[in-house]
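Asker: Would you be able to build a 3D model of this:
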Amino acid sequence: MQDKPFVQRNDKNDKVTIYINQAIKAPTIVVLDEEKNNLWSFPRRVALQMAEDRWVDLIQMHYDPVKQVCTALLGDYGKYMYKKQKDNKEKKKAQKQKWLKELKISYSIWDNDLELKVKKWKEFLNEWYNVKYFIKLRWREKMYEEKAFLKLKWIVSSLEDVWRTQYPDPKKEVRWYSVILFSKI
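Answerer: Here you go, the predicted model:
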């Protein structure tokens, strides 16, 4: 049996402290068995003795600082941590992640080159990436804003059968025009 609290780190580097046995300081403990059936509320001393008699750990699940009542589980600490980590992995797998690919093109790209690039970009879109196309305009290139706008408009129109955009027209930002394509599904 371990008496020190265990500190677990989440993905966001948030600390989650799990108190067990003597590290639990609440005066009243609501005890749950392995199947999470409520056994009743006991004073701290009695709950710790109950865990020791059964040769298991008392694992703090929840603490209410206002009422100074703790909910604790009677069980094997190693099995509990293994199951918790396994459940976290399953939750991560279940989440569908979408990434944003950024693709930069020039305002002066030729039409046939642009068509070839659009074919390549369709592969990214079929792999369920969100794609951001942008044309960066520097210094004197700002006088070709209309040309950049039309190139992005052409990209959107050539891919609109399967993909949707956030805005109907390319978005003008400080130094570039951009458009983001999302899956319609």
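Asker: for the chain, which helix is longest?
Answerer: helix 77-94 (DSSP state H).
Asker: just how off-centre is that one within its chain?
Answerer: In terms of CA atoms, centre = their mean, to the nearest Å, the centre of helix 77-94 is found 16 Å from the chain centre.
Asker: So for that helix, what gets flagged as buried?
Answerer: Within helix 77-94, the residues scored as buried using 16 or more other CB atoms under 10 Å are Y77, Y80. Quick note: C-beta positions are derived from backbone N, CA and C, even for glycine.
Asker: what's the burial count for the residue lying closest to G75 once chain neighbours are set aside?
Answerer: The shortest distance from G75 to any non-neighbouring residue, by CB to CB, 6 or more residues apart in numbering, is to E34 (5.0 Å). Using other CB atoms under 10 Å, E34 is surrounded by 13 other residues.
Asker: Assumed E34 was part of a strand.
Answerer: No - using DSSP: H, G, I helix; E, B strand; the rest coil, the secondary structure at E34 is coil, not a strand.
Asker: isn't L103 right next to K122, touching?
Answerer: No - between L103 and K122 there is no contact, the gap being 11.8 Å when judged by CB atoms under 8 Å.
Asker: Neighbours of M50, how many?
Answerer: M50: 16 neighbours (other CB under 10 Å).
Asker: Return the residues in contact with it.
Answerer: M50 is in contact with V31, F42, L58, L74, counting by CB atoms under 8 Å, 6 or more residues apart in numbering.
Asker: Apply 6 Å and report the result again.
Answerer: Contacts for M50 (CB atoms under 6 Å, 6 or more residues apart in numbering) come out as none.
Asker: quick thing: my sequence starts at 33, can you match it?
Answerer: Right, with 33 as the first residue, what we last looked at is M82.
Asker: Is it located within a helix, as I assumed?
Answerer: Yes - according to three-state DSSP, M82 belongs to a helix.
Asker: avg pLDDT for the longest helix of the chain?
Answerer: Averaged over helix 109-126, pLDDT sits at 86.
Asker: Need the CA coordinates for it. CSV is fine.
Answerer: What follows is helix 109-126, C-alpha atoms only, in CSV (Å, rounded to 0.1, in the frame of the first residue of the first chain):
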residue,chain,number,x,y,z
TYR,A,109,-4.5,1.4,-6.7
GLY,A,110,-2.4,-0.1,-9.6
LYS,A,111,-5.5,-1.5,-11.3
TYR,A,112,-7.3,1.8,-10.9
MET,A,113,-4.5,3.8,-12.5
TYR,A,114,-4.1,1.2,-15.3
LYS,A,115,-7.8,1.4,-16.1
LYS,A,116,-7.8,5.2,-15.9
GLN,A,117,-4.9,5.5,-18.4
LYS,A,118,-6.5,2.9,-20.7
ASP,A,119,-9.7,4.8,-20.7
ASN,A,120,-7.9,8.1,-21.5
LYS,A,121,-6.2,6.4,-24.5
GLU,A,122,-9.5,5.2,-25.7
LYS,A,123,-11.0,8.7,-25.5
LYS,A,124,-8.1,10.1,-27.5
LYS,A,125,-8.6,7.5,-30.2
ALA,A,126,-12.3,8.2,-30.4
